[in-house]
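# A predicted structure for the sequence below; I have some questions about it.
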Amino acid sequence: MAFHTNINVPDEHRRFCVIGTKGMAEGDFVRGYLKVTDAHTRKTLVEEDYTQADSRPGAHYGADDMMCEDLAAYLRGKMKSLPVSVVDALEAGVAALALDEARTTGKVVDFQPFWQKFDSFNPRTPWQQMETAQ
């Protein structure tokens, strides 16, 4: 699998493309689209235009609402696990902020002290225990 994303662009472009042996998912979080294609048949499996979705207003073209729904379903016991763990989401967010800081300052960002402090809280343990208990 290959993954590429680039946030160093002037028009707030947030395009992504994930390519694997079974297919490809591509989209843009700012322009509001998602397309998933089967690698073998070239058939479009998913094609969403979030710019036209009245049912999904809000940030990230409705993704924030969907994440809240997933979290509520998980806490109510309707889902065994979250699609993305809370720790994974925090780590991705911190990495994106570091990339933006490096881009705007032109300097390498040393996040080692941050990660050491982050890991000192042992953030994985409570979530792993909750998932194991179910």
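Received, thanks. Numbers count the residues shown, from 1 in each chain.
# end-to-end on stretch 77-95?
30 Å (CA to CA, to the nearest Å).
# list the buried ones in that stretch?
residue 82 (16 or more other CB atoms under 10 Å). C-beta here means a position set from N, CA and C on the backbone, and glycine is covered the same way.
# for it, the averaged confidence score.
Stretch 77-95 shows a mean pLDDT of 85.
# now stretch 44-59
73.
# quick thing: my sequence starts at 10, can you match it?
That works, and once the first residue is 10, the last one we named lands at stretch 53-68.
# so who does the residue minimising distance to the centre of the chain touch?
Centroid-nearest residue in the chain: residue 98, 6.7 Å away (criterion: CA atoms, centre = their mean). Residue 98 makes no contacts at all, as judged by CB atoms under 8 Å, 6 or more residues apart in numbering.
# tell me which element it falls in.
helix 95-114 (DSSP states H and E).
# what's the neighbour count on residue 55?
11 (other CB atoms under 10 Å).
# right, I'll call it a day here.
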